[in-house]
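In: my questions concern the predicted model and sequence given below.
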Amino acid sequence: MIGLNGKNALITGATSGIGQAIAIRLAQEGCNIATNYRKSPEAAVDTEEMALQKACGNIKNCGVKSLLLQGDVSQESDIIEMVNTVVKEFGSLDILINNAGIQIESPSHEVTTADFDRVIAVNLRGAYLCARETIKHLLSLNRSGVIINISSVHEIIPRPMYISYSISKGGMENLTKTLALEYANRGIRVNAIAPGATVTPINQAWIDNPEKKAIVESHIPMGHAGSSEEMAAAVAFLASDEAAYITGQTLFIDGGLTLYADFRETWSA
């Protein structure tokens, strides 16, 4: 345990993949968890049950509280309602995990305005609005807190065919740094993690294709994709007092992908 017992956490987009793993890990660490979903209550229930089961072993006698919150993070009114509900039900909000995100594949010259705006609205504006409402709450109580943004290696590595996604993650880097600087003296820490290739449902297309999987993993010095649980472990650390002197940082969890393994082969040839 790393000192999160009794803390209250809101995790957006927590019905699968990294978000689900984060909800489970924080519950294991003793956090009360508010699980946000947009359109799949069944998946949200699955996340809640798995989190409580792993945290307590017996859901009925679990000391960890949980909430299921329907809401679209591209909608300001939904975000305000979610944060207010967490505060009302839990008494406070200590930890925000900005995990909700989408991606739309298209050649850059064919991206529609609607698709571009949708990705930015969810991935970047939604993260900002969730952070804004959380910070308002923390400041009103003169309370410290933690915000963790789930970014991507594509905040620094361009990703052709996914221009709006890459832009949203590049923006998230500066969102993290700006909020961290602005509110450090109020006891609010803001950090991010940047996962590399990770085994999640959103990456199923290349995971299930042996040839594509081999190509992806050939660029990773450690030779394999990461797991959602590895991402969640880093989030739990950053949310805890073990990381009390860390703010404004993005932790790359990528098996060395951003070390550009191809350069090693080029220069050693």
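Out: Done, it's in.

In: in this protein, which spans are strands?
Out: Applying DSSP state E to the chain gives strands spanning 8-11, 32-37, 66-70, 95-98, 145-150, 188-195, 198-199, 226-227, 250-253.

In: relative to residue 215, which of the ones you listed is closest?
Out: Nearest of these to residue 215, taken as Cβ to Cβ: strand 198-199 at 15.5 Å. C-beta here means a position set from N, CA and C on the backbone, and glycine is covered the same way.

In: ok, and what's touching that closest one?
Out: Applying Cβ atoms under 8 Å, 6 or more residues apart in numbering, the external contacts of strand 198-199 come out as 17-18, 207, 225-228, 231.

In: give me the sheet partners of it and which way each runs.
Out: Strands that pair with strand 198-199, judged by DSSP bridges, come out as strand 226-227 (parallel).

In: ok, back up a step: ok, so of the contacts of strand 198-199, who is nearest residue 87?
Out: Among those, and counting by Cβ to Cβ, the member closest to residue 87 is residue 18, at 24.9 Å.

In: can you pick out the most distant pair from the contacts of strand 198-199?
Out: The largest separation in the contacts of strand 198-199, counting by Cβ to Cβ, is between 207 and 231 at 15.4 Å.

In: these two: which has the busier surroundings?
Out: residue 231 (26 against 17; other Cβ atoms under 10 Å).

In: for that one, what are its contacts?
Out: Contacts of residue 231 (Cβ under 8 Å, 6+ apart): 18, 21-22, 150, 193, 195, 198, 253.

In: could you check how far residue 23 is from residue 144?
Out: Per Cβ to Cβ, to the nearest Å, residue 23 is found 22 Å from residue 144.
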